[in-house]
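> How does the following fold in three dimensions:
(one chain, ligands or ions: 1)
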Amino acid sequence: MKFLKFETYDELSTAAANIIASQIILKENCVLGLATGSSPVGTYKKLIEKCDKGELDFGAVTSVNLDEYIGLDGSNDQSYRYFMNTNLFNHVNIDKEKTFVPGGCAEDLAAEGAAYDKLIEDLGGIDLQLLGIGLDGHIGFNEPDSVFTKETHVVDLHESTIKANARFFANEDEVPKKAITMGMGAIMKAKRVLLVANGKAKWDILEKAFFGPITPEVPASILQLHPDVTVIYSEN
Ligand code: GLP
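Residues are numbered from 1 along each chain as shown. Reported below is the predicted structural model:
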């Protein structure tokens, strides 16, 4: 496990984007596991800049996103599909047909989860998985629980996650109470994991996740067993 600390969010974002760019250079038709939340936004901006300068080519890349809110379709500006389009996909030369986000409006969510896992398997798994971390240690939307769930599944969001994510909505009541998330199986099978955590507010949970016991009560702690994790964090 590698820990890289930076003073500013800008430096953190540059470092994360350089790692993702390196992955695309290493394997141009790689599968990137992508994340939402505020932490990766700067990373996506840096990737867009590299693309604009002709330094990076997303032409052969496939992406699979971690999660989606239940009940929000891609046209809803709070959906994670919309987030990915506006923060990255619309601005780089990725083929949108090769960008995948779990369907939060699927009629049969269990079937949607199984199909998402099959898709990831058929793609040959994830080469690099980008993650943020929730204040309660969630990755994707794998919330603290009594077990680690392997498959893509539907979760009830915890009160603290709903509160934390309310800043993106008009008010707390509008935050969906459920989400569909990639499980720990696909995340742990990713060849590389890159976790970005912005600001001192994340330090406590980083310490618990990476230096405390491995427990589903702190979902990110499972990453202690992953052979190739880079954690990039910042002071400000
Ligand atoms: C959401 C996402 C997570 C993300 C987390 C932290 O809950 N589902 O994937 O890691 O937010 O977000 P932020 O980076 O804004 O703190």
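
> Could you count how many residues lie near the residue nearest to residue 172 when sequence neighbours are not counted?
The shortest distance from residue 172 to any non-neighbouring residue, by Cβ to Cβ, 6 or more residues apart in numbering, is to residue 166 (4.2 Å). C-beta here means a position set from N, CA and C on the backbone, and glycine is covered the same way. Residue 166: 14 surrounding residues under other Cβ atoms under 10 Å.

> Touching, residue 166 and residue 160? I think so.
No: contact criterion Cβ atoms under 8 Å: residue 166 and residue 160 do not qualify, at 10.6 Å.

> among the helices and strands of this protein, which one scores worst on average pLDDT?
Least confident helix or strand of the chain, by mean pLDDT, DSSP states H and E, is helix 159-165 with a mean of 92.

> Would the helix or strand following that helix count as contacting the ligand?
Remark: after helix 159-165, the chain's next helix or strand is strand 178-181, criterion DSSP states H and E. No: contact of strand 178-181 with the ligand is not found when judged by Cβ under 6 Å from any ligand atom; the minimum separation is 7.0 Å.

> start the count at 303, not 1, going forward
Done: numbering now begins at 303, and the last item shifts to strand 480-483.

> Quick one: list the elements packing against strand 480-483.
Here strand 480-483 touches strand 369-371, helix 411-424, strand 455-458, going by 3 or more Cβ pairs under 8 Å, 6 or more residues apart in numbering; DSSP states H and E.

> which parts of that strand are buried?
For strand 480-483, a neighbour-count test (16 or more other Cβ atoms under 10 Å) marks 481-483 as buried.

> Go ahead and confirm residue 433 touches residue 496.
Yes: using Cβ under 8 Å, residue 433 makes contact with residue 496 at a distance of 7.0 Å.

> Could I get the full set of strands for the chain?
Assigned by DSSP state E, the chain shows strands spanning 304-308, 333-336, 364-367, 369-371, 401-402, 430-433, 455-458, 480-483, 494-499, 531-536.

> Next, name the residue at the spatial heart of the protein.
The chain has residue 337 as the residue nearest its centroid, 2.2 Å off, counting by Cα atoms, centre = their mean.

> could you list every residue that touches that one?
For residue 337, the contact set (Cβ atoms under 8 Å, 6 or more residues apart in numbering) comprises 367-368, 432-434, 442.

> let's see it at 7 Å
Residue 337 sits next to 368, 432-434 when contact means Cβ atoms under 7 Å, 6 or more residues apart in numbering.

> Go back to these and keep what's next to the ligand.
Filtering those for proximity to the ligand by Cβ under 6 Å from any ligand atom leaves 368, 434.

> which among the contacts of residue 337 gets closest to the ligand?
If you rank those by distance to the ligand using Cβ to the nearest ligand atom, residue 434 comes first, at 2.6 Å.

> mind putting the strands of the chain in JSON lines, mean pLDDT included?
JSON lines is the format used below for the strands of the chain (pLDDT from 0 to 100):
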{"stretch": "strand 304-308", "mean pLDDT": "98"}
{"stretch": "strand 333-336", "mean pLDDT": "98"}
{"stretch": "strand 364-367", "mean pLDDT": "98"}
{"stretch": "strand 369-371", "mean pLDDT": "98"}
{"stretch": "strand 401-402", "mean pLDDT": "98"}
{"stretch": "strand 430-433", "mean pLDDT": "98"}
{"stretch": "strand 455-458", "mean pLDDT": "97"}
{"stretch": "strand 480-483", "mean pLDDT": "98"}
{"stretch": "strand 494-499", "mean pLDDT": "98"}
{"stretch": "strand 531-536", "mean pLDDT": "98"}
